[in-house]
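Trainee: This is a predicted model, with the sequence first.
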Amino acid sequence: MKRIKLLLIIMLVPASVWGQELKIEGKVIDGRTQDAVIGATVSLINGSSGVATGVDGRFSLAIASLPATVEVNYVGYKRQEIEVYDASEATVIRLDEDVNLLDEVIITGYIQQRRGVVTASVSNVKGREIEDVHGSSLDQKLQGKVPGMTVSSNSGAPGTSVSLRIRGTTSINAGNSPLYVVDGVFVNSEALQRIDNGGQVVNSLADLNPNDIESIEVLKDANATSIYGARGANGVIIITTKQGKLNARTSVSAGISLGVSKVRKLWHMVDGPQYAELTNEVFLNDGGDPAKIPYPNPAAEPSYIEEKLNDIFRTGLQQNHYVNVTGGDTKTRYYLGVDFNREVGTQKPDDLKRYSIRVNLDHKISERLKVGTNIGLSRVDRRISLNGNNTAAPVPSAIYPPANIPPRYPDGSYVSWAIHDSYLAMIHDLDNTSVSNRLIGALFAEWTIIRNLVLRSNWNIDYNTFDEDIYYPATTTTAAARGGSTTSARTKRQTLINEQTLRYGVSPRDAHNLSFLLGNTVQKNIQSWRSITAYGFPSDDFHEISSAATPSSVTGGGSQNGLLSFFGRAAYDFDGKYIADVNIRTDASSKFGANKKWGTFPSAGLAWNIRKESWFTARWISELKLRASYGITGNQNGIGNYSSYGLWSGGANYNGQSGLTPSQLANPELKWETTAQANFGIDGLFFDDRLQLEFNLYDKHTRDLLVSLPIAAISGFSSITKNAGEISNRGVEFAVTTTNIRKRKFEWTTSFNIAHNSNKVEKLDSPIDQYSWIRIEEGYPMFSFFAYKSLGVDKQTGDLIIDDYNGDGRITADDREHIGNALPLFSGGFGNTFKVGNFDADIFFSYSYGNDVLYMFQYMMQHGGTRPSWGYTTEQLQRWQKPGDETDVPRLTVMGNNYSLRNSRFMEDGSNIKLRSVSIGYNLPKSLLRPTGITAARIYATGTNLLIFTKYSGTDPEINVAGNSEQILGIDFATSPSPRTAVFGLNLTF
């Protein structure tokens with residue numbers, strides 16, 4: 001402990017002050033920046049409660065006599081102690097930053113730990129690291145920030161799903177998304193959506209306000225996640241929201257930001273004359289009479305493709321407004337956050353509005369009893385365009401028809417072409433909306449029974465209603481014959497949790513530290529839904545069910561499941577040198593068979609901080625810690641609540657009578673899917689903590705996969721859910737952070753992370769095919785593309801050459817083979833942060849290497865004439881035309897295999913480097929703000945997705961037509977691309 005003795009000149013005290021209360025007055029400042037430290041606690045050693053510094057860092061502390069010893073504490077700074085001999089002059093106290101990363105506190109499964117004694121693999125992301133990254137949900141903002149975690153946006157539409165995986169894909173059916181925990185509440189991350197939007201899935205995490213986040217911990221290995229048992233198989237993301245501070249004045253923060261966005265790249269389609277030229281060529285190549293070509297004068301054909309694209313896409317707009325109030329006294333802490341966020345998408349008519357409010361409050365009733373609550377309320381309104389290969393989706397409806405087809409007839413009515421609706425009707429008349437109302441809340445009481453023995457009880461809820469309505473107007477081919485049609489769906493899900501923990505920590509001797517944790521959880525999940533479809537409306541001005549002439553169908557249902565859990569933890573460390581901990585959790589799930597409900601999930605971890613050995617003399621190393629852990633986690637997600645039961649369904653009619661029919665075959669042997677994981681890691685801090693390294697090597701093996709497999713039709717059923725199969729994930733992660741320069745007026749830090757994961761289906765009874773292109777098969781990675789392999793185009797004939805995989809001299813279905821994989825070989829991110837005086841700047845890149853993308857849109861639109869009512873992409877212009885031509889685009893023809901077989905010609909390398917975010921800010925000088933009552937002001941500008949470096953010819957190598965599907969990845973099929981975004985903002989603190 002640093003002791004600074006301030007010997008002040010003793011002055012004569014006027015007689016008028018004798019008998020009056022003595023006071024020490026002064027100011028607390030940052031020793032490096034000289035800025036005032038607000039909310040620091042100033043108190044007398046061994047005295048009563050202290051006081052907090054004000055907005056200017058000043059304080060006034062009553063004392064009984066002189067000299068006095070004063071103590072100053074503030075989070076993030078070293079404790080300071082001074083002796084004051086005279087109170088007649090103001091005292092300036094300078095605090096030094098506490099940059100010891102070993103003492104940084106992180107949350108790891110029901111407890112807080114110093115980073116120096118953690119045996120598990122845990123990554124930490126501060127809220128301030130993602131606050132300048134544009135995105136409607138927190139998972140979007142995490143891309144590239146955490147080694148071993150892959151994040152990709154499945155669509156450019158605001159508020160749509162994001163695919164997030166930690167250390168690979170571990171399951172086929174049981175879900176691969178991590179568990180999200182917000183202030184101790186287990187949060188549902190599954191979409192409640194029931195209406196198909198062409199693969200475009202809403203993101204339930206967009207209900208959360210990123211501005212409320214203080215920090216995020218990502219738990220990656222089994223030793224960190226096994227304490228969560230059934231929930232932790234795919235990793236755990238712990239989100240801590242902002243809290244008030246004890247003995248802190250009320251502080252108000254407010255901010256506003258405005259932004260614009262544009263799509264980076266669109267599809268390249270042939271124009272009218274080019275379309276006519278290609279159509280004529282197909283006709284002639286297939287033996288047509290030259291005198292009867294479809295377009296005698298191709299150059300005269302009109303072109304509407306640019307007009308159509310301009311009709312669909314626009315400049316997107318973003319705005320965000322927030323107000324946060326925080327503070328506290330000696331017993332109470334409080335935080336109030338209010339936020340409004342709106343994103344008008346770049347594709348019409350996409351639109352998102354989020355309204356949110358959060359209240360975090362805790363209060364000490366006595367020295368032993370504390371109560372509190374964390375409550376978040378939100379409402380999200382969405383208007384969503386349909387997506388992908390959907391006949392009512394705007395993009396395919398506009399660019400699939402030939403370029404010479406106008407959007408309107410001469411009388412102004414919409415043109416529909418072939419199977420596709422008018423894109424104008426889809427933009428202006430189709431009404432597809434949803435409203436999500438959500439409550440995520442917790443009430444807790446914490447009782448210190450005796451010193452170091454604390455009992456905590458939590459009552460948690462995640463309550464979500466999701467209302468969807470879609471109206472197809474009579475101007476669409478889908479509903480023209482019906483006089484318009486509408487579908488309304490209402491879904492409700494609630495998760496109720498009661499949880500108790502008893503923790504005890506003791507240090508029998510100075511160097512020995514012991515801690516214990518016991519707990520239990522009771523959880524119930526309840527879900528219900530109703531859907532009704534009706535048609536026949538008086539006009540397109542009426543959308544409600546009550547206005548329809550004919551109800552078409554009414555469906556609904558509901559289900560629930562329960563989970564009962566008991567868990568425990570014990571940890572020991574000797575002076576932070578030798579560290580050991582063990583965890584165990586046992587869960588009982590109602591989803592499994594009567595004798596298979598219980599699962600037990602243990603883990604253990606060891607660590608050795610070599611730096612603390614007496615024989616280790618390298619003073620430039622402040623930490624060199626070796627870690628090893630092993631554990632088992634379970635998974636029950638992704639299957640039905642009654643998957644192990646034999647089910648009967650009502651409503652089956654027989655001769656006009658209602659009745660029952662068997663709907664599901666029982667499997668009483670259905671049990672937990674389990675993942676065993678071993679992890680070895682090294683943590684290092686060097687050169688006064690200016691160089692931080694982290695290395696992890698892991699091996700995960702998942703057994704008893706929960707999968708739906710086909711069964712013999714003679715059984716009367718088509719499939720059954722069972723345990724069958726194994727998947728492995730093996731990988732390595734590396735992260736480094738350097739403080740290159742740390743001066744009073746200039747700081748420069750650099751971060752870099754990289755991760756490699758090798759995925760393999762070790763065992764599976766039979767292959768599973770998805771989307772006609774993906775095959776999940778034993779011996780291959782998940783998301784493997786399975787089709788014919790193209791060997792190029794014959795230069796003499798112009799015909800496509802297909803690999804005869806089985807060598808039988810014929811091209812048949814047996815010649816299909818694995819031609820690529822959507823998973824990257826490695827991925828990560830790197831960036832730099834600068835602080836120059838009052839300016840700050842940050843630049844961050846994310847990257848992915850080795851992932852293949854199926855450019856499905858190119859497959860559909862480079863069709864060689866096999867789809868005569870469709871247009872072409874400009875790549876079709878590179879087709880073979882005469883002997884000797886060298887190209888990979890075959891001769892135009894509707895015959896043979898040139899354009900009839902799914903083949904590797906449409907597979908592309910999706911490797912990319914994205915300039916994920918750039919920000920620059922300026923903090924206005926304190927001297928300028930002081931007369932206004934504003935304590936801090938920052939103006940800033942940020943850019944997101946500004947550049948992408950890739951060989952991929954499509955719009956975006958990240959997007960995926962199937963949303964967050966567990967079995968489909970890496971297919972680009974007319975999906976709305978991620979836009980470039982620029983945002984300008986102002987933050988104020990009062």
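Mentor: Yep, it's here.

Trainee: From here on, just use CA atoms for contacts and neighbour counts.
Mentor: Noted.

Trainee: contacting residues around stretch 178-189?
Mentor: 110, 164-166, 177, 203-205, 231-241, 374, 440-442, 460-462 (Cα atoms under 8 Å, 6 or more residues apart in numbering).

Trainee: go on, stretch 331-339?
Mentor: The contact list for stretch 331-339 (Cα under 8 Å, 6+ apart) reads 209, 211-212, 242-246, 320-328, 354-365.

Trainee: Could you turn the buried ones of those into a ChimeraX selection?
Mentor: To isolate the buried ones among the contacts of stretch 331-339 in ChimeraX, judged by 16 or more other Cα atoms under 10 Å, type:
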select :209,211,212,242,243,244,245,246,320,321,322,323,324,325,326,327,328,354,355,356,357,358,359,360,361,362,363,364
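
Trainee: Tell me where the model's unsure across the stretch 201-350 of the chain.
Mentor: Along the stretch 201-350 of the chain, the model assigns pLDDT under 70 to no residue.

Trainee: Drop anything exposed from the contacts of stretch 178-189.
Mentor: Buried among the contacts of stretch 178-189 (16+ other Cα under 10 Å): 164-166, 177, 203-205, 231-241, 374, 440-442, 460-462.

Trainee: Those residues in strands, which ones?
Mentor: The strands, defined by DSSP state E, take in 164-166, 236-241, 374, 440-442, 460-462 from the buried ones among the contacts of stretch 178-189.

Trainee: ok, the residues you listed vs Gly199, which is closest?
Mentor: Leu164 (16.8 Å; Cα to Cα).

Trainee: Helix or strand for the residue lying closest to that closest one once chain neighbours are set aside, just tell me which one.
Mentor: Nearest non-adjacent residue to Leu164, counting by Cα to Cα, 6 or more residues apart in numbering: Val151, 4.5 Å away. If you go by DSSP states H and E, Val151 is part of strand 149-153.

Trainee: Packing partners of that strand?
Mentor: Judged by 3 or more Cα pairs under 8 Å, 6 or more residues apart in numbering; DSSP states H and E, strand 149-153 is in contact with helix 138-141, strand 162-166.

Trainee: at 10 Å instead, please
Mentor: helix 138-141, strand 162-166, strand 746-763, strand 826-836, strand 839-849 (3 or more Cα pairs under 10 Å, 6 or more residues apart in numbering; DSSP states H and E).

Trainee: got the angle between that strand and strand 162-166?
Mentor: 170 degrees (axes from the mean of the first three to the mean of the last three Cα atoms, to 10 degrees).

Trainee: I'd like to know how far Pro473 sits from Ser827.
Mentor: As judged by Cα to Cα, to the nearest Å, Pro473 and Ser827 stand 45 Å apart.

Trainee: Do a quick rundown of the strands in the stretch 1-150 of the chain.
Mentor: Counting by DSSP state E, counting those that start in this stretch, one finds strands in the stretch 1-150 of the chain at the ranges 2-6, 22-30, 41-44, 51-52, 58-63, 68-73, 80-84, 91-95, 105-107, 112-114, 122-126, 149-153.

Trainee: Put together CSV for those strands, with mean pLDDT, mean neighbour count and distance to Ala549 on each row.
Mentor: Output for these, formatted as CSV (pLDDT from 0 to 100; neighbours: other Cα atoms under 10 Å; distance: least, Cα to Cα, whole Å):
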stretch, mean pLDDT, mean neighbour count, distance to Ala549
strand 2-6, 37, 12, 82
strand 22-30, 84, 19, 72
strand 41-44, 86, 21, 70
strand 51-52, 84, 24, 69
strand 58-63, 85, 18, 73
strand 68-73, 84, 19, 72
strand 80-84, 80, 19, 78
strand 91-95, 81, 19, 75
strand 105-107, 73, 17, 57
strand 112-114, 80, 14, 61
strand 122-126, 88, 17, 55
strand 149-153, 83, 22, 41
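
Trainee: Please tabulate those in TSV and include distance to Ser663 as additional columns.
Mentor: Compiled in TSV, the strands of the stretch 1-150 of the chain are given as follows (distance: least, Cα to Cα, whole Å):
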stretch	distance to Ser663
strand 2-6	74
strand 22-30	69
strand 41-44	66
strand 51-52	67
strand 58-63	73
strand 68-73	66
strand 80-84	71
strand 91-95	70
strand 105-107	45
strand 112-114	48
strand 122-126	44
strand 149-153	36
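
Trainee: And the helices in this structure, which stretches?
Mentor: 127-130, 138-141, 222-225, 272-285, 305-312, 394-399, 423-428, 856-861, 926-929 (DSSP state H).

Trainee: In stretch 474-483, which residues are buried?
Mentor: 474-479, 482-483.

Trainee: now swap in stretch 757-768 and tell me
Mentor: In stretch 757-768, counting by 16+ other Cα under 10 Å, buried: 757-764, 768.

Trainee: just stretch 785-801 next, same as before
Mentor: 785-790, 792-795, 798-801.

Trainee: Nearest spatial neighbour of Ala787, chain-adjacent residues omitted?
Mentor: Nearest residue to Ala787, sequence neighbours excluded (Cα to Cα, 6+ apart): Arg816, at 4.7 Å.

Trainee: likewise Asn209?
Mentor: Per Cα to Cα, 6+ apart, closest to Asn209 is Ser356, 6.8 Å.

Trainee: That neighbour reaches Leu377, doesn't it?
Mentor: Yes - contact criterion Cα atoms under 10 Å: Ser356 and Leu377 qualify, at 5.6 Å.

Trainee: shared neighbours of the two, anything?
Mentor: Overlap of the contact sets of Ser356 and Leu377 (by Cα atoms under 10 Å, 6 or more residues apart in numbering) consists of 207-209, 338, 437-439.

Trainee: and which of the residues you listed is nearest to Asp699?
Mentor: The nearest one, if we look at the shared contacts of Ser356 and Leu377 relative to Asp699 and count by Cα to Cα, is Leu208, at 32.8 Å.

Trainee: Pull the contacting residues for the closest one.
Mentor: Contacts of Leu208 (Cα under 10 Å, 6+ apart): 136-138, 182, 354-358, 376-380, 438, 440.

Trainee: Farthest-apart pair in the buried residues of stretch 785-801, please.
Mentor: Among those, the pair separated by the greatest distance (Cα to Cα) is Phe785 and Lys795, at 27.2 Å.

Trainee: if I look at the residue lying closest to Arg167 once chain neighbours are set aside, how far off is Thr702?
Mentor: Nearest non-adjacent residue to Arg167, counting by Cα to Cα, 6+ apart: Gly148, 5.1 Å away. Going from Gly148 to Thr702 by Cα to Cα gives 17 Å.

Trainee: How about His863?
Mentor: The value you get for His863 to Thr702, if Cα to Cα is used, is 41 Å.

Trainee: The two: which is more packed in?
Mentor: Ranked by neighbour count (other Cα atoms under 10 Å), His863 and Thr702 place Thr702 first, with 25 against 22.

Trainee: residue contacts, that one?
Mentor: So Thr702 contacts 169-171, 233, 632-635, 673-677, 725-729, 761-762 (Cα under 10 Å, 6+ apart).

Trainee: just His134 next, same as before
Mentor: His134 neighbours (Cα under 10 Å, 6+ apart): 140-141, 259, 318, 916-917, 942-945, 980-983.

Trainee: Give me the pLDDT for it.
Mentor: For His134, the model assigns a pLDDT of 76.

Trainee: With the one 5 residues further on instead?
Mentor: On the pLDDT scale, Asp139 is placed at 83.

Trainee: Ser152 is in contact with that one, correct?
Mentor: Yes - with contacts counted by Cα under 10 Å, Asp139 reaches Ser152, the gap being 9.0 Å.

Trainee: which neighbours do the two share?
Mentor: 161-164.

Trainee: between those, which has the most around it?
Mentor: Neighbour tally across the shared contacts of Asp139 and Ser152 (other Cα under 10 Å): the maximum, 31 neighbours, falls on Ser161.
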